[in-house]
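# The following block contains a protein sequence and its predicted model.
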Amino acid sequence: MTLEAGPKLTPDALRAAVARIAPSRIPALTQHLFEATTNAQQTQSLAPLRAFVHSWAVFVAIERHPERAARLRELERLVDAGEQDPAAAIEEIRAIREAAEAEAGL
């Protein structure tokens, strides 16, 4: 699965991708989409929907590579634990997210 192109940057395509690679996250995606749609209507702005697409496209790009997803979770645990200087872990998290953004076409 890591060699195929990522999903189109639409809510339906992202939902289908999440359903394939992380079905347990569908409720969170659905809630986020509902909130983004509501906020977009209230503010008459597409920014909430753009933020939704960005967030879930990055999630899919990371989760499509199980080793990278596991490393990200490990780094996040290190930062959350607060037992050591988090600077290196934060920099690696940033690099993982930037790579995922690039793969997603963001």
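Arrived safely.

# any low-confidence regions in the chain?
Low-confidence segments of the chain (pLDDT under 70): 1-5.

# State whether P7 and A17 are indeed in contact, as I suppose.
Yes - P7 lies in contact with A17 (Cβ atoms under 8 Å); the separation is 4.1 Å. Any C-beta I mention is one placed from the backbone N, CA and C, and that applies to glycine too.

# Would you mind grabbing the residues shared as contacts by the two?
Counting by Cβ atoms under 8 Å, 6 or more residues apart in numbering, the contacts common to P7 and A17 are V60.

# which other residues reach the host helix or strand of R73?
Using DSSP states H and E, R73 falls within helix 66-81. Contacting residues not belonging to helix 66-81 are listed as I62, E63, Q84, P86, A89, I90, E92, I93, I96, A99, A100 [Cβ under 8 Å, 6+ apart].

# one more time with 10 Å, if that's ok
1-2, 21-22, 59, 61-63, 65, 84-97, 99-100 (Cβ atoms under 10 Å, 6 or more residues apart in numbering).

# go on, stretch 27-39?
11-12, 14-15, 17-19, 22, 25, 45-53, 55-56, 59-60.

# are any of those residues buried, and which?
11, 14-15, 17-18, 22, 25, 48, 52-53, 56, 59-60 (16 or more other Cβ atoms under 10 Å).

# Just the ones of those in helices?
Here DSSP state H is the test, and the buried ones among the contacts of stretch 27-39 give P11, L14, R15, A17, V18, P48, F52, V53, W56, F59, V60 as lying in helices.

# For the fifth one, list the residues it contacts.
For V18, the residues meeting the contact criterion (Cβ under 10 Å, 6+ apart) are P7, S24, R25, I26, A28, L29, T30, W56, F59, V60, E63.
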